[in-house]
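# Okay, structure incoming, though there's no sequence with it:
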């Protein structure tokens, strides 16, 4: 009887712990990362300084799309990393999300502008279609198709774990 | 075999039998109450009994939303196959055409009678794994 | 600058707790009065450093110090002070900080209230300190709340989620945390007891008051959370089997079983193995809850943003705690076994059976929470486990447990009793309950076995205890107020839940402005709808005049708000509360023909559900205070 009890007491927690260990270390479940591929839905948005209107056809090639807003604190923390990506020759396009135009421009003056182009998605329509739930979020886009999506702050670790393997695989940039 | 030993073996057997039957009962009821998650395409060739709750995820087909009194009718699509949905009640704030939706309900005569409609960005929303082929 | 002081104090506290752990567990002479004095003092210093660190942090939050990244992210200059403080536990880092401070607070209270001569005290403090060190390292290494934004801090802070600006939300996490971490006291004492390995020590009596106090916090915390989801999230019910609700329910079930088992062990030194195992289980389940919520492994309203390292660290640390306890338990098992057997139909026998039933409930909830994860991991197919599974398990088991409870009232400690079914109290209760159930069946035309069985079980308990109370008043037969109130609340809870699911209805109506619709006994007139502009949101506000069958009228004003900064839309329900029912209205979209969709729920006895849960908590408070008077 004692042996049975000892076995149960040992085996039950071991099973659960092992299971959670396996789930946690399973690559597919990297929290916040999503590798579903889909075409960017049709859109038409003005750029932040109101000069031109951009639609799907104008944005081709490979680039990183970063969703940000001036009300988003994590965007400030993410900002230096995006700047370094941009300096290393990776095209970063901004999607300004549910933000007042003036606030966004002031923010860029204060912290600097790492973006090649910034789309102003005031109502968040394109963002909704892309599956954005907040800011910051980052997409890897190749020929009008989303190939990776990360929710949260991108830093060196996230870049290397989530995006870099795909970039190398597809020989992008 | 001496009687004490015999008694001990009986009690161990009893405990084992009792816990095994208890655990199998729990597992049985778990298995018969799972809500499986499908896309319209996965649902196409499957025969699902009317009393089985399922979750179906996809996009709300544009132009398909129709309200009649307090009921709402719409079509969920994964751009390959679709399924009709009927729901009575208030759809979530973020429910709209051409955006993601997950419906929990029962399937009868190819119509999904919804118990619950979750829009994308709802807390309980589970994203469907829809892959869109770019060659069509 | 000040934030560095706060940071430093936390690091210092970690060092001191490490010293306490070292002296009390790893040195052989921890029982000398010199060492035990040292342990008591050092722990108190560690606690004061940690507490000062936390108070400085609170002060920084109140004064809008946005150079602290976490505060900048979760607070805003516009917020009232109350919400500036509560913003500290609105996300992972800060709430983990609070969790740890509470953990050290329980240890501190134990430290000052328990006499130094208590033989288990030094080792108990040591176990608590090691757990504190583990979590402080977790906090500082993987989720540091002291990180700063330099060189340019934001001016106004973040716009925080309006759903989170709510008094119930501000107080329900701290209450729950106090409950979760409170079980560190019985856990640490059990480990200290196992470390000594002397079965003559009565560790159970030492922790009774502490365990019941933690149980009270857990009970009240769960109730507050349920109430918040009802009116603020607009979920319109009291329990949703959401994973995070479930991870709070599991320790509660384990704790309830633990307290019962503890009572037996104190009275008769039986069930000691159960009591020790349950004390380990309660604390492990509390830690498991923290793991589930903080590892990002489950999607839920409550889940925090995530990072895989956090999950791995927590899992590793929990594994260490669980395996150390299990190892010690296996090592000492033969010494703590009680030789006396439990008699059939004694009070102990009923409590043992209910321990097993509670175990089955905990196992089922655990399965319900983890099965979707396992299933997706193994078969790559998404599934979810919803209310039907939990109902199929909970209803029969709870009814069964209630019936055992009913018979246990007549049982005696350590003595078999022959049940005479014609004995007055038993037959009285069965008769009345049967009559009541039949009445419900006839009057409400219900054939639902689950509901009728629950009503029968609930009324059995209530009538049985009413009999006891009458007996107490007229013949001064002793009753235990704690047990009477707690168990009668359970009866009331069962009955309220049954009536709630029997009678509550819900309907979506489409209704034109200035017209009247009827639903059940209610006449609902749509009087007005308009847009209101507020400082940070616009709202569509409707006014309904509702008349019930008695001719009483009242206004209900549901709203739909759109917040400017993030464009977030929230639905504000309007609720009319009466003695027996809530009338709950939410407003939906406008149809093309100009009418509006309105959802009406009539929720019967929903307040009674929370009331019974709070009464259970009250029973615990009575026990704690009556114990304190005695000692």
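Yep, it's here. These numbers come from a predicted model, not from an experiment.

# and residue B:79, helix, strand or coil?
Under DSSP: H, G, I helix; E, B strand; the rest coil, the three-state class of residue B:79 is coil.

# I figured it hits residue B:59, correct?
Yes - counting by CB atoms under 8 Å, residue B:79 does reach residue B:59; the two are 7.4 Å apart. (Each C-beta comes from the backbone N, C-alpha and C, glycine too.)

# neighbour count winner among the two?
Between residue B:79 and residue B:59, counted using other CB atoms under 10 Å in any protein chain shown, the more crowded position is residue B:59 (23 against 16).

# Can you verify my assumption that the more buried one contacts residue B:95?
No - if you go by CB under 8 Å, residue B:59 and residue B:95 don't touch, sitting 11.5 Å apart.

# Show me the common contact partners of these two, please.
Shared contacts of residue B:59 and residue B:95, defined by CB atoms under 8 Å, 6 or more residues apart in numbering or on different chains, comprise residue B:101.

# for residue B:102, phi and psi?
phi -130, psi 130 (degrees, to the nearest 10).

# Same question for whatever helix or strand residue C:255 lives in: list its buried residues.
Here residue C:255 sits within helix C:243-268, counting by DSSP states H and E. Buried residues in helix C:243-268, counted by 16 or more other CB atoms under 10 Å in any protein chain shown: C:243-266, C:268.

# anything in the following helix or strand past that helix near chain A?
Where DSSP H and E defines the elements, the next helix or strand beyond helix C:243-268 is helix C:272-295. Yes - judged by CB under 8 Å from any CB of the partner chain, helix C:272-295 and chain A are in contact via C:273, C:277, C:284, C:291, C:295.

# got a markdown table for those, with pLDDT and distance to chain B too?
Shown next, in a markdown table, are those (pLDDT from 0 to 100; distance: CB to the nearest CB, whole Å):
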| residue | pLDDT | distance to chain B |
| --- | --- | --- |
| C:273 | 91 | 14 |
| C:277 | 95 | 15 |
| C:284 | 96 | 20 |
| C:291 | 89 | 20 |
| C:295 | 75 | 18 |
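
# Going through those, which ones are buried?
For those, a burial check counting by 16+ other CB under 10 Å picks out C:273, C:277, C:284, C:291, C:295.

# Verify the stated contact: the third one with residue C:321.
Yes - in this structure, residue C:284 is within contact of residue C:321 by CB under 8 Å, at 7.2 Å.

# Show me what the helix holding residue C:255 packs onto, helices and strands only.
helix C:167-182, helix C:203-231, helix C:272-295, helix C:347-379 (3 or more CB pairs under 8 Å, 6 or more residues apart in numbering or on different chains; DSSP states H and E).

# Could you name the helices and strands sitting against the last one?
Translated: helix C:347-379. helix A:2-25, helix B:3-32, helix C:243-268, helix C:272-295, strand C:383-385, helix C:387-408.

# Among the buried ones among the residues of helix C:272-295 next to chain A, which one sits closest to residue A:10?
residue C:277 (12.1 Å; CB to CB).

# Next up, the contacts around the closest one.
Counted by CB under 8 Å, 6+ apart, residue C:277 has contacts A:9, C:329.

# nearest residue to residue B:16 other than its sequence neighbours?
residue A:4 (7.9 Å; CB to CB, 6 or more residues apart in numbering or on different chains).

# Would you work out how far apart the start and end of stretch C:133-151 are?
Length of stretch C:133-151, first residue to last, CA to CA, to the nearest Å: 32 Å.

# ok and the helix holding residue C:255 relative to helix C:347-379, angle-wise?
Helix C:243-268 and helix C:347-379 are oriented at 150 degrees to each other (axes from the mean of the first three to the mean of the last three CA atoms, to 10 degrees).
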